[in-house]
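S.K.: predicted model follows, preceded by the sequence.
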Amino acid sequence: MRVAVIGAGAMGALVAMLLCDAGEDVVVYDADEEKAAAIGRSGITVRGDIGGGAMPEVGRKGEAGRPFDAVVVAVSAVESGNALRPLSPFVHRDTSYISLQEGAAVSALTGLVGEERAFAALARVSAREVGHGEIEVEEFRSLSLAACVPGREEALAELEHALQSALPGKAAVSGDLEGEIWRRLEAAAAVSGLCAVAGMAPAEARELRGLDALCGEAALECKRAAAPSGSGDQAQPTPWEDAVWSRVKPPMLIDVEAGRKTEIDHMSGHIVTHARARGIAVPVHGAILTLVREMESGRHRPGEGAVKELKRRVDEEKGMSLL
């Protein structure tokens, strides 16, 4: 199987290494020319909960050789279009596109390549870049592969086999993409949003006064928004642990600190949109959504002041809600 991995950040480089380890033909692309050159010279090195190394081919924009059987999208959802465009001449009609992005970001991919060819890889993995092509894995819990169109799961069989051979018991195909997205969002949207506001990794942020309670409320809001009846029974008791990140900063916080557009619309935004359409109040995620959007524009910075503002907005949303 010939695979393009677009984005050599923590998750992209990690999956590229696993696929190389499984014997697949992998080509890595990254917009950062310095990073791409470093990987071309020294390859990818992974340490921590799992370890290994690989020397994948590093692709150049507009060059690919043989067509790809699969394209793994490991850039932010807002960058997907620009990242995929240079590879459009180097795919075939059966090429699969796999979103390795958080929350409901696969929806951005379906808009670009169509539902039939779009798939999701929802990772319960905590990893970070410590250098170009150097990845530290805090925990690799699981990787759930799912199709956007029910019945298309067979297209993932070869990818699942490759990942299982590299990391037995850690990757599996699910026939319930929507369920997988909501299960991931329940913890990940709460934790990543709160960490982006606080400017801290989860292990530190959860110790701030009031954030543990807000995290639990946010997880329960997601549970209710996802439940068919709109009244989810009980959220995960420990969303901090279920989100997997601990010492590692979630990607949303990394993007906020770098002044980049985040995937907030595919996380808290997805929950808010779904909940409001069903008449369900989600004040914590509503406050996280508006505040992180303002942080993207530079109106707020992560830290104590942003946490105070978040609490104020949550109280305000609760007071305004008639639900």
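M.R.: Ah, there it is. Numbering: from 1, shown residues only.
S.K.: for the stretch 1-150 of the chain, what spans make up the strands?
M.R.: For the stretch 1-150 of the chain, strands defined by DSSP state E, counting those that start in this stretch occupy the ranges 2-6, 25-29, 44-48, 52-54, 57-58, 68-73, 91-99, 118-131, 134-147.
S.K.: which other residues reach the third one?
M.R.: Strand 44-48 is touched from outside by 8, 13-14, 16-17, 20, 28, 52-56, 127, 133-138, with contacts defined as CB atoms under 8 Å, 6 or more residues apart in numbering. Where C-beta positions appear, they are placed from N, C-alpha and C, glycine not excepted.
S.K.: what do you get if the cut-off is 7 Å, keeping everything else the same?
M.R.: 13-14, 16-17, 52-54, 56, 133-138 (CB atoms under 7 Å, 6 or more residues apart in numbering).
S.K.: specify the angle between that strand and strand 134-147 in degrees.
M.R.: Relative orientation of strand 44-48 and strand 134-147, computed by axes from the mean of the first three to the mean of the last three CA atoms, to 10 degrees: 90 degrees.
S.K.: same check on the first one?
M.R.: Taking the same axes, to 10 degrees, strand 2-6 and strand 134-147 form an angle of 120 degrees between their directions.
S.K.: mean confidence for strand 2-6?
M.R.: Averaged over strand 2-6, pLDDT sits at 97.
S.K.: do you know how far the residue nearest the centre of the chain is from Glu158?
M.R.: Ranked by distance to the mean C-alpha position of the chain (CA atoms, centre = their mean), the top residue is Glu102 at 2.1 Å. In this view, Glu102 and Glu158 are 24 Å apart by CB to CB, to the nearest Å.
S.K.: what is the burial count for His300?
M.R.: 18 (other CB atoms under 10 Å).
S.K.: list the contacts of it.
M.R.: Counted by CB under 7 Å, 6+ apart, His300 has contacts Leu291, Glu294, Ala306, Glu309.
S.K.: just Leu214 next, same as before
M.R.: Residues near Leu214 by CB under 7 Å, 6+ apart: Leu194, Val284, Val314.
S.K.: so which bits of the helix or strand it falls within are buried?
M.R.: According to DSSP states H and E, Leu214 maps onto helix 211-226. Buried residues in helix 211-226, counting neighbours by 16 or more other CB atoms under 10 Å, are found at 211-212, 214-226.
S.K.: go on, stretch 306-315?
M.R.: Ala306, Val307, Glu309, Leu310, Lys311, Arg313, Val314.
S.K.: give me the distance from that stretch to the chain's centre.
M.R.: 25 Å (CA atoms, centre = their mean, to the nearest Å).
S.K.: can I get it in PDB? Just the C-alpha atoms.
M.R.: Only the C-alpha atoms of stretch 306-315 are listed here, as PDB (Å, rounded to 0.1, in the frame of the first residue of the first chain):
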ATOM      1  CA  ALA A 306      -9.000  34.100  30.400                       C
ATOM      2  CA  VAL A 307     -10.100  31.600  33.000                       C
ATOM      3  CA  LYS A 308     -11.900  34.300  34.900                       C
ATOM      4  CA  GLU A 309     -13.600  35.500  31.700                       C
ATOM      5  CA  LEU A 310     -14.700  31.900  30.900                       C
ATOM      6  CA  LYS A 311     -16.300  31.500  34.400                       C
ATOM      7  CA  ARG A 312     -18.100  34.800  33.900                       C
ATOM      8  CA  ARG A 313     -19.400  33.800  30.500                       C
ATOM      9  CA  VAL A 314     -20.600  30.400  31.800                       C
ATOM     10  CA  ASP A 315     -22.500  32.100  34.600                       C
END
